[in-house]
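Chemist: pasting a predicted model and its sequence here:
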Amino acid sequence: MRDRDAKIRIRGFREVMTDSRQMLVVDDKAGQRELLQAVFQDRGFVVTKAANGDEAIRYLNELAFDIVITDLKMPGKDGLAVLRAAREVSPDCPVIIVTAYGSIDTAVEAMRLGAADFITKDFQLEEIERKVDKVLAQRTLKQAQETVPAVPQAPVTDADLHIVGDSDWTLQLTKMIRKIAPSRSSVLITGPSGTGKELVARAIHDASPRRNEPFVALNCAALASGVLESELFGHEKGAFTGAVTRRIGRFERAHHGTLFLDEVGEIDTNIQTKLLRVLQEGEFERVGGAEAVRVDVRIVAATNRDLREAITQGLFREDFYYRLNVFSIGVEPLRKRPGDIPALVEHFLKKFGHDTGKHIQGVEDDVLETFMRYRWPGNIRELQNVLERAIVLAEGQYITRDDIPPEMLYDRQSPVERGMPLPAAVAPAAPSSLTEQTDTLERDLIQSTLEKYRWNKTKAADALGLKRTTLQYKIKKLGLE
């Protein structure tokens with residue numbers, strides 16, 4: 001075997017003397033090897049063939065290649081082993097994985113390990129030629145960029161990410177964002193409405209090398225299918241009635257930056273097909289156009305739907321799902337991370353206090369306790385709305401129980417609902433009789449109302465829809481005196 005320096009000298013000699021590109025084709029099927037050799041030799045490539053992974057790895061250690069095309073499933077060492085070997089000896093050599101449709105999960109894993117692209121075995125020759133041209137063009141561009149001195153970017157702090165919260169979950173989320181941000185790969189963010197999925201998407205962008213480029217967001221559920229296509233890809237003049245000029249779409253506006261597709265689960269399957277092509281090829285046509293438009297855009301998508309269930313129902317393309325879901329982040333509902341509530345309260349008080357000109361110092365202890373025990377069906381968005389309302393109503397420097405919606409005082413979650421198992425000493429007792437349960441509910445409701453109105457029985461009776469004498473009777477009966 002030749003040493004590393006010898007390989008580099010040989011490669012440089014080939015590039016200067018013959019200007020030919022070196023390709024390694026790895027496949028255990030002789031017919032496939034011969035076909036790819038014939039196609040790419042006609043295009044000026046020097047093609048080396050390997051019948052298995054062991055032979056391919058030997059070639060990789062002896063020769064220098066500009067690109068590798070390898071089958072994924074082979075006897076002995078498979079395509080992933082070839083990929084690892086190629087990345088080890090020549091990190092800038094792109095590898096295209098050829099896989100059967102049923103092995104799409106493994107192909108996604110190959111992309112995570114550094115494969116430049118993958119293609120299913122039923123490909124047309126024109127398709128694999130386009131992929132080879134694309135990855136080689138990207139490699140050439142990267143090499144050219146590496147020769148230009150980079151302008152150093154200031155390090156990103158946690159404050160720059162605008163992720164508010166002190167819970168363990170939020171700390172892990174911030175750590176995950178920092179890990180995946182430098183990648184070009186797509187990210188799928190899942191979670192209930194109002195949990196801050198767009199905020200996570202912006203944090204990924206802000207922590208990435210693209211942070212000085214555009215971040216473009218689009219709510220896919222808010223637009224009809226035809227309008228959505230034009231919003232995404234733009235349209236040419238005369239493409240449809242009312243298209244009086246060419247219009248640039250969101251992809252072109254996000255060039256070199258990040259495109260955030262919110263509610264991606266609502267996209268029509270026909271548009272999913274076109275989006276899949278952009279993810280695979282990096283190009284598209286405007287509506288009514290025939291010219292391919294190339295873009296460099298990172299896709300971050302979000303949904304509150306179960307996309308796997310949508311796949312089984314035929315509402316979401318499986319191949320599009322795997323392209324989106326290279327990295328996945330699940331955002332927990334607020335009731336599962338109550339440790340974030342104090343920091344969020346402080347954040348919103350500052351924000352809305354500034355907007356309204358009021359200087360609110362904080363919330364009273366019983367209000368914070370109510371917030372910590374409330375179910376928050378609307379998640380962070382609901383907390384934001386509650387505090388915006390409370391600041392407007394507040395008459396002093398602190399938010400009191402009088403400033404928050406009354407229904408919040410009666411809708412509480414147990415520690416188990418917050419994901420906090422009860423210790424055995426306080427585990428729920430066996431179900432009591434209906435009468436006892438009714439008395440307990442009535443006692444809690446009356447006590448909460450009395451506390452709200454500071455034991456003003458007239459106001460509490462009005463709020464409960466009772467006569468004052470009836471309320472006094474119930475106070476005595478339930479032992480609330």
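Modeler: Cool, the structure landed.

Chemist: what sits against A221?
Modeler: 262-263, 266 (CB atoms under 8 Å, 6 or more residues apart in numbering). Quick note: C-beta positions are derived from backbone N, CA and C, even for glycine.

Chemist: now the element after the least confident helix or strand in the chain by mean pLDDT, going C-ward?
Modeler: Among the helices and strands of the chain, helix 4-17 carries the lowest confidence by mean pLDDT, DSSP states H and E, at a mean of 36. Read in the C-terminal direction, the helix or strand following helix 4-17 is strand 21-26, with elements assigned using DSSP states H and E.

Chemist: quick one, longest helix in this protein?
Modeler: Longest helix of the chain, by residue count under DSSP state H: helix 125-146.

Chemist: residues in contact with it?
Modeler: Residues from elsewhere that reach helix 125-146, judged by CB under 8 Å, 6+ apart: 21, 35-36, 39-40, 43, 66-67, 69, 92, 94, 96, 116-117, 119, 280-282.

Chemist: what's the angle from that helix to strand 21-26?
Modeler: With axes from the mean of the first three to the mean of the last three CA atoms, to 10 degrees defining the directions, helix 125-146 sits at 130 degrees from strand 21-26.

Chemist: that older thread, just give me the closest of the contacts of A221 to V386.
Modeler: Taking CB to CB as the measure, V386 lies nearest D262 of those, at 23.2 Å.

Chemist: which ones are touching that closest one?
Modeler: Going by CB under 8 Å, 6+ apart, D262 touches 197-198, 217-221, 301-302.

Chemist: could you dump the longest helix of the chain to PDB, C-alpha only?
Modeler: Taking Å, rounded to 0.1, in the frame of the first residue of the first chain, the C-alpha atoms of helix 125-146 are listed here in PDB:
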ATOM      1  CA  LEU A 125     -29.900   6.700 -15.200                       C
ATOM      2  CA  GLU A 126     -30.600  10.400 -15.600                       C
ATOM      3  CA  GLU A 127     -31.500  10.600 -11.900                       C
ATOM      4  CA  ILE A 128     -28.200   9.100 -10.700                       C
ATOM      5  CA  GLU A 129     -26.300  11.300 -13.200                       C
ATOM      6  CA  ARG A 130     -28.000  14.400 -11.700                       C
ATOM      7  CA  LYS A 131     -27.100  13.300  -8.200                       C
ATOM      8  CA  VAL A 132     -23.500  12.800  -9.100                       C
ATOM      9  CA  ASP A 133     -23.400  16.200 -10.800                       C
ATOM     10  CA  LYS A 134     -25.000  17.800  -7.700                       C
ATOM     11  CA  VAL A 135     -22.700  16.300  -5.100                       C
ATOM     12  CA  LEU A 136     -19.600  17.100  -7.200                       C
ATOM     13  CA  ALA A 137     -20.700  20.700  -7.700                       C
ATOM     14  CA  GLN A 138     -21.300  21.000  -3.900                       C
ATOM     15  CA  ARG A 139     -17.800  19.600  -3.300                       C
ATOM     16  CA  THR A 140     -16.200  22.000  -5.800                       C
ATOM     17  CA  LEU A 141     -18.100  24.900  -4.100                       C
ATOM     18  CA  LYS A 142     -17.000  23.800  -0.700                       C
ATOM     19  CA  GLN A 143     -13.400  23.600  -1.800                       C
ATOM     20  CA  ALA A 144     -13.600  27.100  -3.300                       C
ATOM     21  CA  GLN A 145     -15.100  28.500  -0.100                       C
ATOM     22  CA  GLU A 146     -12.400  26.900   2.000                       C
END
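
Chemist: would you indicate which residues of it are buried?
Modeler: By neighbour count on 16 or more other CB atoms under 10 Å, the buried set for helix 125-146 is 128, 130-132, 134-136, 138-139.

Chemist: isn't V25 right up against A51?
Modeler: No - counting by CB atoms under 8 Å, V25 sits too far from A51 to count as a contact (10.0 Å).

Chemist: more crowded one of the two?
Modeler: Between V25 and A51, counted using other CB atoms under 10 Å, the more crowded position is V25 (24 against 15).

Chemist: in which helix or strand does the residue nearest to the more buried one when sequence neighbours are not counted reside?
Modeler: Distances taken as CB to CB, 6 or more residues apart in numbering put L36 closest to V25, at 4.8 Å, once the chain neighbours are dropped. L36 is part of helix 30-41 when elements are defined by DSSP H and E.

Chemist: follow-up on the earlier one: distance of the residue nearest to V25 relative to V46?
Modeler: Distance, L36 to V46, using CB to CB, to the nearest Å: 13 Å.

Chemist: who's more crowded, those two?
Modeler: Per other CB under 10 Å, whichever of L36 and V46 has more neighbours is L36, with 22 against 16.

Chemist: what does the pLDDT read for the more buried one?
Modeler: Here the pLDDT value assigned to L36 is 93.

Chemist: ok, it - contacts?
Modeler: Contacts of L36 by CB under 8 Å, 6+ apart are 25, 27, 47, 69, 128.

Chemist: so where do the strands sit in the stretch 301-450 of the chain?
Modeler: 327-330, 362-363, 398-399 (DSSP state E, counting those that start in this stretch).

Chemist: rewinding a little: nearest to T273 among the buried residues of helix 125-146?
Modeler: R130 (16.5 Å).

Chemist: any idea how far the closest residue in space to V386 that isn't next to it in sequence lies from D366?
Modeler: Spatial nearest neighbour of V386, excluding adjacent residues (CB to CB, 6+ apart): I404 at 5.9 Å. Computed as CB to CB, the I404 to D366 distance reads 10 Å.

Chemist: those two: which has the busier surroundings?
Modeler: For I404 versus D366, neighbours defined as other CB under 10 Å are more numerous around I404 (21 against 13).

Chemist: where does pLDDT dip in the stretch 101-250 of the chain?
Modeler: 101-107, 144-160 (pLDDT under 70).

Chemist: can you flag the buried ones in the contacts of helix 125-146?
Modeler: Among the contacts of helix 125-146, those buried by neighbour count (16+ other CB under 10 Å) are 21, 36, 39-40, 66-67, 69, 94, 96, 116-117, 119, 280-282.

Chemist: strands - which of those residues land there?
Modeler: If you go by DSSP state E, the buried ones among the contacts of helix 125-146 have 21, 67, 69, 96, 117, 119 in strands.

Chemist: wait, doesn't the fourth one sit right on G114?
Modeler: No - counting by CB under 8 Å, I96 does not reach G114; the two are 11.8 Å apart.

Chemist: what segments of the stretch 101-250 of the chain are helices?
Modeler: 104-113, 125-146, 158-161, 168-180, 197-206, 225-233, 250-253 (DSSP state H, counting those that start in this stretch).
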